[in-house]
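**Q** Need a 3D model of the sequence below.
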Amino acid sequence: MPQQGFDLGAIQYDRISADVTGNLPLGLTLKRRYRILRKIAQGGMGAVYEANDTEAPAGTRWAVKEISPAAMPPGERSQAIADFRREAHMLATLHHPNLPDVVETFEEMGKHFLVMEFVPGRTFLQVVEGQPDYLPEDRIRVWARQLFEVLHYLHMQNPPIVYRDLKPANVMLVEGTERIKLIDFGIARFHKAGKSRD
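**A** Predicted coordinates for the structure are as follows:
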């Protein structure tokens with residue numbers, strides 16, 4: 001259901017539909033704190049935005065992940081919300097140099113939000129597509145070692161976490177470094193003994 005007008009400083013937005021994801025206007029401030037700068041990604045069930053933090057030192061940025069249950073078929077809404085909350089809870093308990101930190105989750109305008117560390121840089125998919133030749137083996141070894149370390153860390157949790165979505169689009173190379181970050185835990189699961197599907 002559309003939310004009625006609210007003031008964003010000099011800009012007045014009359015309606016933001018809770019039935020659509022990826023429609024947050026630039027300049028919108030969520031929770032009186034996170035000001036939307038741009039949309040980073042759009043998927044079937046949600047979107048990710050870059051936002052600055054009006055309550056933190058200048059230049060502090062976050063990635064804000066949004067899902068809108070109203071946009072989903074009624075039979076899928078409760079599962080989508082449960083999956084979103086599970087992802088947020090899972091990430092909030094993890095602390096590793098190759099994982100983004102989670103700040104908080106909240107609900108607003110009929111949508112659910114997850115605020116996490118903004119990772120400036122490119123995905124491995126973008127790195128490979130922008131490379132005219134083969135990548136040097138020594139660089140790949142540095143990245144692979146980090147991937148092995150973070151996957152080992154996930155598998156050592158109690159219960160172990162099965163990531164399930166390792167692909168170039170879900171690995172970020174942090175700008176100006178050789179540090180990688182594993183992103184998008186949307187389909188990760190806690191391992192259950194005897195469950196063969198994971």
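
**Q** what bridges to Glu104?
**A** Note on Glu104: beta-bridge partners Val115, judged by DSSP bridges.

**Q** Same question for Lys39.
**A** With DSSP bridges as the rule, Lys39 is bridged to Tyr49.

**Q** show me what contacts it?
**A** Contact analysis of Lys39 by Cβ atoms under 8 Å, 6 or more residues apart in numbering lists 22, 24, 47-49. (Glycine included, C-beta is placed from N, CA and C.)

**Q** So which residues of this structure form strands?
**A** 6-8, 11-13, 29-30, 34-42, 46-53, 61-67, 102-108, 111-117, 121-123, 161-162, 171-174, 180-182, 189-190 (DSSP state E).

**Q** picking that back up, identify, from the contacts of Lys39, the entry nearest to Tyr163.
**A** Of all the contacts of Lys39, the one with the least separation from Tyr163 (Cβ to Cβ) is Val48, at 18.0 Å.

**Q** if I read this right, the closest one contacts Lys65, doesn't it?
**A** Yes. Counting by Cβ atoms under 8 Å, Lys65 is a contact partner of Val48 at 5.0 Å.

**Q** Comparing the two, which residue is more hemmed in?
**A** More neighbours surround Lys65 than the other of Val48 and Lys65, with 25 against 19 (other Cβ atoms under 10 Å).
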